[in-house]
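> Give me a 3D structure for the following:
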Amino acid sequence: MEIGNQAVEVVAAATAAAAALEREMEEGYEKVRALVSSNAVVVFTISGCCMCHVVKQLLFGLGVGPVIVELDREREDMYSFLRSISGGGQAVPTVFIGGSFLGGIEAVLACHINGSLVPLLKHAGALWL
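Sure, this is the predicted structure:
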């Protein structure tokens, strides 16, 4: 019987952990949604990340003033959600333009190189050129 009770305790603990993770993901989603729906460009970063720096400098160089959220300093609770929408890979940098998820460094640079980044930024109201 003792092994059966231990198994039940392990299952209960795992269920509680899964529920806590789900709540954290929901809270992260709501916070991200609120930020991206009220700002033209939002970039989620981690301080010291060189790829995050590249994305920020590109946007600044184009004349965009994005909202920068440093997850390790301000909003660590959103990291799980961002990781899930990035396919479980690297969660930063994560860029939203006009309330829509654009992607990470690869997507931003691809859009810049193919000429679609500036029109996206203009359509979102981040550029007035």
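
> from the chain's centre, how far out does the strand or helix carrying Met51 sit?
Met51 is part of helix 50-61, with elements assigned from DSSP states H and E. Helix 50-61 sits 15 Å away from the centroid of its parent chain (C-alpha atoms, centre = their mean, to the nearest Å).

> List the buried residues for that helix?
Across helix 50-61, burial judged by 16 or more other C-beta atoms under 10 Å covers Met51, Cys52, Val55, Lys56, Leu58, Leu59. Using the backbone N, CA and C atoms, a C-beta is placed for each residue, glycine as well.

> CSV for these, including pLDDT and distance to Gly98?
Converted to CSV, these look like this (pLDDT from 0 to 100; distance: C-beta to C-beta, whole Å):
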residue, pLDDT, distance to Gly98
Met51, 95, 22
Cys52, 94, 20
Val55, 97, 16
Lys56, 97, 18
Leu58, 97, 17
Leu59, 97, 13
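
> what is the mean pLDDT for stretch 110-117?
Taken as a whole, stretch 110-117 has a mean pLDDT of 97.

> what are the ranges of the strands in the chain?
Under the criterion DSSP state E, the chain carries strands at the ranges 41-45, 67-70, 94-97, 100-103.
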